[in-house]
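In: coords please:
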Amino acid sequence: MENLRITLLQTKLFWEDRTANLSMLEEKIWRINKPVDVIVLPEMFTTGFTMNARLLAEPMNLHTFKWMKQMAAQTGALMLGSYIVAENNQFFNRLLWMQPDGQFFTYDKRHLFRMANEHLTYSAGRHRLVQVWKSWRICPLICYDLRFPVWSRNRYNHVIKQMEYDALIVVANWPAARIIAWDTLLRARALENLCYAAGVNRTGTDGNGITYNGHSAVFGPRGDTLAFEEETETDITVELDARALISYREKFPAWQDADNFEIHS
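Out: Predicted structure coming up:
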């Protein structure tokens, strides 16, 4: 493993306007003034957190998919972000993992935010995604997933003879009213899973009058703050130290005492 450079794009979003959001994000991506390995966009980055899926959903391999494929190819970076996808007469809050070579993977949000009736509009995902990029094993999650530590639990994999993942990346539309939970849980996931935890949250106010104040951050496996930004629209770039991660896991092997369990979908 070599060090991994990750950029979080903390930004306002245009309400339910895919064209405006893709144009705005493309400009922000091209303003990143250093080479990076991973670029992370917020949850539902084309629309904001909306339940208007019937009007706004798109099939796979259409506008947003092609845009992410183009951005990955042009920047040479892995692109991560979620948007609304229609498939088999269902709607999904789907994260797209898009590599520069066009290879891609998807993760459908497992925990749907019932307080906004997300569970009445979207179908829940059934499988967690962990993939390898530049020798780093990465697990992406979406917003409300952060509240459920069992789903994100990082265990020792005896087949690959290492922890299941090295970095947890969370994309979100997390309201300012509950930002203390976001700050606390993102750091906790890094500590308990002996990994880096990065989370990108949006800013601004959405079409439902809900305010978001950023607090995008990156935490190290000791719980140390590597980056933190409140509500300013900005890009946050951090280099994740591979050697420091491996060394800490060797010196503090809490994973050896972890509980064994299975998750049934």
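In: who touches stretch 218-232?
Out: The set of residues that contact stretch 218-232 without belonging to it, under Cβ atoms under 8 Å, 6 or more residues apart in numbering, is 6, 8, 10, 186-187, 190-191, 193-199, 203, 212-217, 236, 238, 240-241, 244-245, 248-249. From N, CA and C alone the C-beta is placed, and that goes for glycine too.
In: in it, what counts as buried?
Out: 218, 219, 220, 221, 226, 229, 231 (16 or more other Cβ atoms under 10 Å).
In: the helices in this protein, which residues?
Out: 18-30, 53-56, 63-75, 118-121, 149-152, 179-193, 242-251 (DSSP state H).
In: can you put those in JSON lines and add distance to residue 94?
Out: Conversion of these to JSON lines gives the following (distance: least, Cβ to Cβ, whole Å):
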{"stretch": "helix 18-30", "distance to residue 94": "14"}
{"stretch": "helix 53-56", "distance to residue 94": "11"}
{"stretch": "helix 63-75", "distance to residue 94": "10"}
{"stretch": "helix 118-121", "distance to residue 94": "13"}
{"stretch": "helix 149-152", "distance to residue 94": "16"}
{"stretch": "helix 179-193", "distance to residue 94": "21"}
{"stretch": "helix 242-251", "distance to residue 94": "29"}
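In: Switch those over to TSV; also include distance to residue 101 and mean neighbour count.
Out: Formatted as TSV, those follow (distance: least, Cβ to Cβ, whole Å; neighbours: other Cβ atoms under 10 Å):
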stretch	distance to residue 101	mean neighbour count
helix 18-30	18	16
helix 53-56	29	14
helix 63-75	8	18
helix 118-121	33	16
helix 149-152	28	14
helix 179-193	29	19
helix 242-251	22	14
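In: could those helices go into TSV alongside mean pLDDT?
Out: Conversion of the helices of the chain to TSV gives the following (pLDDT from 0 to 100):
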stretch	mean pLDDT
helix 18-30	98
helix 53-56	97
helix 63-75	98
helix 118-121	97
helix 149-152	96
helix 179-193	98
helix 242-251	96
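In: Tell me which of the ones you listed lies nearest to residue 46.
Out: Across the helices of the chain, the minimum distance to residue 46, taken as Cβ to Cβ, is reached by helix 18-30, at 4.2 Å.
In: got a list of contacts for the closest one?
Out: Looking at what lies outside helix 18-30 - Cβ under 8 Å, 6+ apart - the contacts are 9, 11, 13-14, 39, 41, 45-47, 56, 58, 63-64, 67, 71, 75, 235.
In: What residue in the chain is the furthest from its centre?
Out: For the chain, the residue at maximal distance from the C-alpha centroid (Cα atoms, centre = their mean) is residue 251, at 28.2 Å.
In: thinking again about what came up before, so of the buried residues of stretch 218-232, which ones are in strands?
Out: Using DSSP state E to define strands, the subset of these located there is 218, 219, 226, 229.
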